[in-house]
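Chemist: Please work out how this folds:
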Amino acid sequence: MWDVPEIPLDRAVPLYMLWCIEHKNDQGSLVFDQTISALNKYARAKSSSAKYRNFKYLCSEELISTVQVFLDWCKSELLLDYDPTLSRAIKNWAAVSRDYSHPTD
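Modeler: Alright, predicted model coming up:
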């Protein structure tokens, strides 16, 4: 339909996180729910081959830390209950951070 270039997840996802922070009063919108849910799914991805799910494989240590800070912000600042997805995302990104810091190869 439109000839729009694909935006890599390592550029798009941080923009969604920023939107959530800047629009805290709109936390009932699907953007919050879908961003938290997507972050949880990205952390559980087993392969970088699926472009729609390879976010964690594109992340630098700084971006992993940014995701963790964002999820902690969600936990402390949002009034709506996003659990169990939010708790799982926090746990899964902690594992991503550990794996990044201590690779097993």
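Chemist: For the one residue sitting closest to the centre of the chain, which non-adjacent residue is closest in space?
Modeler: Closest residue to the average C-alpha location of the chain: L39 at 3.0 Å, with CA atoms, centre = their mean. With CB to CB, 6 or more residues apart in numbering as the criterion, L39 has its nearest non-adjacent residue at 5.0 Å, and that residue is A89. Just so you know, the C-beta spots here come from the backbone N, C-alpha and C atoms, and that holds for glycine as well.
Chemist: Show me what the one helix or strand the one you found maps to is packed up against.
Modeler: If you go by DSSP states H and E, A89 is part of helix 85-101. The contact analysis (3 or more CB pairs under 8 Å, 6 or more residues apart in numbering; DSSP states H and E) places helix 85-101 against helix 30-44, helix 61-77.
Chemist: Those: which one's closest to P14?
Modeler: Proximity to P14 (CB to CB) singles out helix 61-77 among these, at 6.7 Å.
Chemist: what angle separates that closest one from helix 85-101?
Modeler: Inter-element angle recorded for helix 61-77 and helix 85-101: 160 degrees (by axes from the mean of the first three to the mean of the last three CA atoms, to 10 degrees).
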